[in-house]
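Visitor: Here is my input; please provide its structure:
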Amino acid sequence: MHTTKTKSATFHHNGDYDGEVLISGVDANDREHLTQVRVDFEDLLEFVAGAVRERQLADFEHRLADTADRSILGF
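Guide: Predicted coordinates for the structure are as follows:
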């Protein structure tokens, strides 16, 4: 079992990232109690990949619009 900590959560997972991930964190509404959830790694991967894809697409669209604005203005 491996552990990865972030600023607000701790992830316990298999070293090869298969199976379940146990995510632990402090409840936002009750800072004295720890909340834990088990998530299949493939579900977590799908969620994060979707978020990354959306951010990259938005960034690309922003840069594309910025480039179009510059060419319209003659820059």
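
Visitor: what is the rounded mean pLDDT of stretch 1-21?
Guide: Averaged across stretch 1-21, pLDDT comes to 93.

Visitor: Distance-wise, check the residue nearest the centre of the chain relative to residue 54.
Guide: Nearest to the mean C-alpha position of the chain, counting by CA atoms, centre = their mean, stands residue 48 at 4.3 Å. Distance of residue 48 to residue 54, computed by CB to CB, to the nearest Å: 11 Å. In short, each C-beta sits where N, CA and C put it, glycine included.

Visitor: Show the model's pLDDT score for the residue nearest to the centre of the chain.
Guide: You'll see residue 48 listed with a pLDDT of 96.

Visitor: check contacts around residue 3.
Guide: Taking CB atoms under 8 Å, 6 or more residues apart in numbering, we find residue 3 in contact with 10-13.

Visitor: out of these, who's nearest residue 38?
Guide: Nearest to residue 38 out of these is residue 12 (CB to CB; 9.5 Å).

Visitor: State the three-state secondary structure for the closest one.
Guide: What DSSP: H, G, I helix; E, B strand; the rest coil gives for residue 12 is strand.

Visitor: That one pairs with what?
Guide: Beta-bridge pairing for residue 12 (DSSP bridges): residue 3, residue 22.

Visitor: That one touches residue 19, doesn't it?
Guide: No: with contact defined as CB atoms under 8 Å, residue 12 does not count as touching residue 19 (10.8 Å).

Visitor: Please say which of these two ends up with more neighbours.
Guide: Neighbour count, other CB atoms under 10 Å: between residue 12 and residue 19, residue 12 has more, with 15 against 11.
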